[in-house]
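**Student:** show me how the following folds:
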Amino acid sequence: MRAMTGPSAAGSVPRPGFFQRLKQKLNQGLGLGVALDWIVGRKLDATVVAELEEQLLRADVGLETTDRVIEGLKKRIGRDAVADAEGARAALQATLADLLRPRAQPLVIPRDGTPFLVLMIGVNGSGKTTTIGKLARRYKAEGLKVMLAAGDTYRAAAIEQLQAWGTRNDVPVVAQQPGADSAAVVFDALQAAQARKVDVVLADTAGRLQNQAGLMAELAKVVRVCGRLDPAAPHEKMLVLDASLGQNAVNQALQFHEAVGLTGITMTKLDGGGKGGVLLQIADRLDVPFRYVGVGEDAADLDVFDADQFAAALAQPGR
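**Tutor:** Numbering: from 1, shown residues only. Reported below is the predicted structural model:
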């Protein structure tokens, strides 16, 4: 995760880099919330393992993933007694990084003159539209030509919110009236992007629960219709997940992937009490890249997912 710092006003305190803010905000500065001081001088016997398992489960890590983490700790710590808490935390951090590293794949937007369509997917309240606004700012700052598509046509407020982000970032927004066909809106945006030589189209979609068959079928229609203009579109089907939802976020990821074949995941609201263990569980159960993580409302509070830094924030409390 690249630190997003800049010059500060004279006499002001420089804003911490993204990694430091992640440590401070993840589970309110507690990371996973797994205490390890108490195991100093003890071996990883059945009693210690049982307590560690309980702590990991409370941190939303899940049963199967907890077993994997425990096995990783056993391999690193061995049969000897734990010498110190810092060594135990280092072993935990390395184990978590091993689990997360295969999923750390930044999203690369090609600059080949063909619009790259990112379809943003998720339930209401997950932070889809806000994430679109933050990404629009990021991509524009990187020199990309950006367009937004207001594909959430169920809520007038969603269209207005996306248009506000377009104005704020000075990027065009393709929108229709509330109740319009979402697939038609995204199709029109992709067509306009092709004509204007836009680099990336960020398309909002209506929030839907993963068990709403009709709305999931509509999402599949959006995917299908976009393919008429570009067989490779949408080039990214990005699920935006709310970290505070715990196990329900895992269920969302599994069912959305089954419905549309996700190609990326962005985790938001890690500053809202979510322990981050849910991301470990998703990494263990789903072969989908992690793109970005968010720890607040500001544009600078969204950054590229970095497995090693995220593992450090989980294992090493940030307060």
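**Student:** and the nearest residue to G127 once chain neighbours are set aside, how many residues sit next to it?
**Tutor:** Spatially, and ignoring its direct neighbours in sequence, G127 is nearest to T268 (3.8 Å; CB to CB, 6 or more residues apart in numbering). No exception for glycine: its C-beta is placed from N, CA and C like everyone else's. Neighbourhood size, T268 [other CB atoms under 10 Å]: 27.
**Student:** what does P102 give?
**Tutor:** 12.
**Student:** ok, now which ones touch it?
**Tutor:** Contact analysis of P102 by CB atoms under 8 Å, 6 or more residues apart in numbering lists A283.
**Student:** doesn't it fall inside a helix?
**Tutor:** Yes - read with DSSP: H, G, I helix; E, B strand; the rest coil, P102 is one of the residues of a helix.
**Student:** just the pLDDT for the closest residue to A175 other than its chain neighbours.
**Tutor:** Leaving aside its sequence neighbours, A175 sits nearest to A150 (CB to CB, 6+ apart; 3.7 Å). A150 is assigned 95 on the pLDDT scale.
**Student:** ok, now A243?
**Tutor:** The model reports A243 with a pLDDT of 85.
**Student:** and it, how many residues sit next to it?
**Tutor:** Residues near A243, counting by other CB under 10 Å: 27.
**Student:** hey, where'd the strands end up in the stretch 201-319 of the chain?
**Tutor:** 236-242, 264-268, 290-294, 302-304 (DSSP state E, counting those that start in this stretch).
**Student:** let me see the mean pLDDT of the third one.
**Tutor:** Per-residue confidence for strand 290-294 averages out to 94 on the pLDDT scale.
**Student:** can you pull up the most central residue in this protein?
**Tutor:** Ranked by distance to the mean C-alpha position of the chain (CA atoms, centre = their mean), the top residue is T266 at 1.8 Å.
**Student:** need the contact list for it.
**Tutor:** T266 is in contact with 131, 238-241, 290-294, 302, counting by CB under 8 Å, 6+ apart.
**Student:** please redo it, this time with the cut-off set to 10 Å
**Tutor:** Neighbour list for T266: 107, 120, 122, 126-128, 131, 134-135, 238-241, 290-294, 302, 305 [criterion: CB atoms under 10 Å, 6 or more residues apart in numbering].
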